[in-house]
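Visitor: This is a predicted model, with the sequence first.
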Amino acid sequence: MSVELDEKLVDQIASQIKTQDDLADLSRLLLKAAVERVMAAELENHLGYAKHSLEGRNSGNSRNGSSSKNIKGDFGEVEVKIPRDRNGDFTPQLIAKGQTRINKLDKQILALYARGMTTRDIAEAIQEMYGAEV
């Protein structure tokens with residue numbers, strides 16, 4: 001059932017792509033969504049509790065919004081939101097502090113997405129490939 005739904009989604013998206021620019025825009029959108037979800041999962045792992053969880057109350061550290069960062073890849077620049085914690089000791093592993101270029105990560109994410117993987121599966125694959133605790 002999920003494969004059928006994924007194929008319908010791919011067909012719907014593909015029907016809207018008319019030019020190479022449309023494809024590049026879609027690639028940037030998918031890259032942005034995947035990177036932001038992985039970064040959110042990294043912060044969740046760092047804090048030790050899920051967003052809006054009661055476990056986080058009075059824990060000494062919590063989420064503190066996000067900051068914008070422009071990363072450059074094969075499809076141009078993409079602005080992503082990097083989550084922050086109150087103590088300021090969260091160190092992203094997928095895109096390190098000061099890093100502005102992603103090394104073929106966008107191609108890998110798109111390839112995984114094209115194979116029908118969910119964003120959760122992609123996060124797990126990134127963890128296996130790069131050792132990022134997600």
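Guide: That came in fine, so what should we check first? Numbers count the residues shown, from 1 in each chain.

Visitor: Tell me how far the most centrally placed residue in the chain lies from K8.
Guide: The centroid of the chain falls nearest to V35 when counting by C-alpha atoms, centre = their mean (2.0 Å). With distances taken as C-beta to C-beta, to the nearest Å, V35 is found 25 Å from K8. C-beta here means a position set from N, CA and C on the backbone, and glycine is covered the same way.

Visitor: Repeat that for Q20.
Guide: 24 Å.

Visitor: Same question for R63.
Guide: If you go by C-beta to C-beta, the gap between R63 and K8 works out to 35 Å.

Visitor: Between those two, which is the more surrounded one?
Guide: Between R63 and K8, counting by other C-beta atoms under 10 Å, R63 is the more crowded of the two (18 against 10).

Visitor: residues touching the more buried one, list them.
Guide: Contact partners of R63, counting by C-beta atoms under 8 Å, 6 or more residues apart in numbering, are 43, 47, 51, 83-86.

Visitor: can you check T119 too?
Guide: Contacts of T119 by C-beta under 8 Å, 6+ apart are 33-34, 37.

Visitor: Now render those residues as CSV, adding neighbour count.
Guide: As requested, those are arranged in CSV below (neighbours: other C-beta atoms under 10 Å):
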residue, neighbour count
A33, 15
A34, 24
R37, 16
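
Visitor: I'd like the list of those that fall within helices, please.
Guide: Within the contacts of T119, residues falling in helices by DSSP state H are 33-34, 37.

Visitor: on that earlier part again, tell me the contacts of the residue nearest to the centre of the chain?
Guide: Counting by C-beta under 8 Å, 6+ apart, V35 makes contact with 71, 78, 80, 94-95, 102, 105, 109.

Visitor: Point out the least confident one among the residues you listed.
Guide: Within the contacts of V35, L105 has the lowest pLDDT, namely 68.

Visitor: three-state assignment of the spatially most distant residue from the centre of the chain?
Guide: For the chain, the largest distance from the centre (C-alpha atoms, centre = their mean) belongs to N58, which lies 27.9 Å off. Under DSSP: H, G, I helix; E, B strand; the rest coil, the three-state class of N58 is coil.
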